[in-house]
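Novice: Below: sequence and its predicted model.
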Amino acid sequence: AQKITQTQPGMFVQEKEAVTLDCTYDTSDPSYGLFWYKQPSSGEMIFLIYQGSYDQQNATEGRYSLNFQKARKSANLVISASQLGDSAMYFCAMREGNFGNEKLTFGTGTRLTIIP
Amino acid sequence: KAGVTQTPRYLIKTRGQQVTLSCSPISGHRSVSWYQQTPGQGLQFLFEYFSETQRNKGNFPGRFSGRQFSNSRSEMNVSTLELGDSALYLCASSNLAGGAKNIQYFGAGTRLSVL
């Protein structure tokens, strides 16, 4: 069974608008971490934001915020005031457990295109 | 602080050959993980090394191997290359200081083409 699901293969958004990228996950481990990465055409994966399963508040990092709904097992990324430089692939990822496991499981990604 | 450095950036090999990719982690990071990215299979975990020991391994054949040196630099090797090994190989490092919040920082990748 797929552990990370990103249902939006591609999205087109007008510059300066907010955008929400969807991510649902599946795990039976009570301890897990959720990550969002951005991958420009250059190939490098850029870390954006992290949410832990025990975190009470939604994570925020500048223009990025994570809408974490634990009961629904969703961890959507919200980008406020989108910019042309936000055009890239975006991946949701999960790590299960705490110590000793660095394996990230990735979703299939969403290609975001910002329109001027 | 320098980021994760992967060399070479591009490689072209032929079927049956072997290849070695290199990864230098961020200074102070002792954990190095490798991932394969292909259009068909997406991003898949290959293995992770910490203190020169492989701690986790993904579901890849034995042709894929790796190692880590005492300075935390890592190499991965693919023997008897197949066309399906054409991919972007990404290396990531983390300092394991954050517990569950360990962030993996990625390099720019090595793009391998097998002809």
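Specialist: Happy to help now that I have it.
Novice: When you work out contacts or count neighbours from here on, use the C-alpha atoms and nothing else.
Specialist: OK.
Novice: what are the phi and psi angles of the residue sitting nearest the centre point of chain B?
Specialist: With distances taken as CA atoms, centre = their mean, chain B has residue B:34 as the residue nearest its mean C-alpha position (3.0 Å). Backbone dihedrals for residue B:34, given as degrees, to the nearest 10, come out at phi -120, psi 140.
Novice: so what's it bridging to?
Specialist: residue B:47, residue B:91 (DSSP bridges).
Novice: thinking it is in contact with residue B:94, fair?
Specialist: No - judged on CA atoms under 8 Å, residue B:34 makes no contact with residue B:94 at a distance of 11.8 Å.
Novice: Show me which residues of chain A sit near chain B.
Specialist: If contact is defined as CA under 8 Å from any CA of the partner chain, the residues of chain A in contact with chain B are A:31-33, A:42-47, A:50, A:52, A:97-108.
Novice: now do 10 Å
Specialist: Counting by CA under 10 Å from any CA of the partner chain, the residues of chain A close to chain B are A:31-35, A:37, A:39, A:42-53, A:91, A:93, A:95-109.
Novice: Determine the three-state secondary structure at the nearest residue to residue A:69 once chain neighbours are set aside.
Specialist: Spatial nearest neighbour of residue A:69, chain neighbours left out: residue A:75 (6.4 Å); criterion: CA to CA, 6 or more residues apart in numbering or on different chains. When classified by DSSP: H, G, I helix; E, B strand; the rest coil, residue A:75 comes out as strand.
Novice: and residue A:75, how many neighbours does it have?
Specialist: 25 (other CA atoms under 10 Å in any protein chain shown).
Novice: How about the one 10 residues further on?
Specialist: Residues lying near residue A:85 (other CA under 10 Å) number 10.
Novice: Okay, it and residue A:101: tell me how far apart.
Specialist: 33 Å (CA to CA, to the nearest Å).
Novice: so where do the strands sit in chain B?
Specialist: B:5-7, B:10-13, B:19-24, B:31-38, B:42-50, B:53-57, B:64-68, B:74-78, B:87-94, B:105-106, B:110-114 (DSSP state E).
Novice: Please name the bridge partners of residue A:113.
Specialist: The partner residues for residue A:113, given DSSP bridges, come to residue A:12.
Novice: so who does it touch?
Specialist: A:10-15, A:82-89 (CA atoms under 10 Å, 6 or more residues apart in numbering or on different chains).
Novice: Now do the contacts for the residue in chain B that chain A sits nearest to.
Specialist: Nearest to chain A in chain B, going by CA to the nearest CA, is residue B:108, at a distance of 4.0 Å. Going by CA under 10 Å, 6+ apart, residue B:108 touches A:39, A:42-46, B:3-7, B:9, B:88-92.
Novice: quick one: the residue nearest to the centre of chain B and residue B:105 touch, right?
Specialist: No - between residue B:34 and residue B:105 there is no contact under CA atoms under 10 Å: 11.3 Å.
Novice: Contacts only, for the closest residue to residue A:52 other than its chain neighbours.
Specialist: Nearest residue to residue A:52, sequence neighbours excluded (CA to CA, 6+ apart): residue A:33, at 4.5 Å. By CA under 10 Å, 6+ apart, the contact set of residue A:33 is A:50-55, A:93-98, A:104, B:100-103.
Novice: could you list every residue that touches the nearest residue to residue B:106 once chain neighbours are set aside?
Specialist: Closest residue to residue B:106 apart from its sequence neighbours, by CA to CA, 6+ apart: residue B:92 at 4.1 Å. With contact set as CA under 10 Å, 6+ apart, residue B:92 has these partners: A:45, A:102, B:3-6, B:23-26, B:29, B:31-35, B:48, B:103-109.
Novice: Thanks again, I'm all set now.
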